[in-house]
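Visitor: Could you work out the structure for the sequence below:
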Amino acid sequence: MKNHQSKTTYDKIVEVVAVAALLCAFYPLLFYNSIDSNALFPTHYNFAGEVDGWGDRTSLWIMPLIALVFYVGLSIVQKYPKIMNYPCKITEQNVDYHY
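Guide: Below is the predicted model:
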């Protein structure tokens, strides 16, 4: 089978948007040192929209780090499409559609 790893314009746009979103996730951390160490931030909301979980300023690291792990993990996985689970057998006829 030939290499089906070339990126289309759409793929490049999605990549730029993903990196921009990742940078936005880390933006609040630029102000980390100016936040009072005793300040509390909402970390969880119930179905009524009320805060039912609070955390200190270190909780601001959780979501950006999760986003980074997902971005790096999915970037690595997309380079190896043969290891992904597809609903049918990949052949020369359907490889372009699935990859």
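
Visitor: Report all helices and strands that the longest helix that the chain contains contacts.
Guide: In the chain, assigned by DSSP state H, the helix with the most residues is helix 9-26. Packed against helix 9-26, as judged by 3 or more C-beta pairs under 8 Å, 6 or more residues apart in numbering; DSSP states H and E, are the following elements: helix 62-77. The C-beta positions use only the backbone N, C-alpha and C, and glycine is treated the same way.

Visitor: what mean pLDDT does the helix or strand just after the helix it packs on have?
Guide: Counting by DSSP states H and E, the element after helix 62-77 in chain order, helix or strand, is helix 95-98. Here helix 95-98 scores 74 as its mean pLDDT.

Visitor: Helix 95-98: which residues count as buried?
Guide: For helix 95-98, a neighbour-count test (16 or more other C-beta atoms under 10 Å) marks nothing as buried.

Visitor: what about that helix, distance to the chain center?
Guide: What separates the centre of helix 95-98 from the centre of its chain is 24 Å, taken as C-alpha atoms, centre = their mean, to the nearest Å.

Visitor: and the helix or strand that the longest helix of the chain is followed by, which strands flank it?
Guide: For helix 9-26, the succeeding helix or strand toward the C-terminus, using DSSP H and E, is strand 41-45. Using DSSP bridges, strand 41-45 pairs in its sheet with strand 51-55 (antiparallel).

Visitor: Can you give the contact residues for the longest helix of the chain?
Guide: For helix 9-26, the external contacting residues (C-beta atoms under 8 Å, 6 or more residues apart in numbering) are 7, 63-64, 67-68, 71.

Visitor: What residues does Ile83 make contact with?
Guide: Applying C-beta under 8 Å, 6+ apart as the definition, the contact partners of Ile83 turn out to be Val77.

Visitor: hmm, back to that, tell me the two of the contacts of helix 9-26 that are most distant?
Guide: The most widely separated members of these, counting by C-beta to C-beta, are Lys7 and Met63 (27.5 Å).
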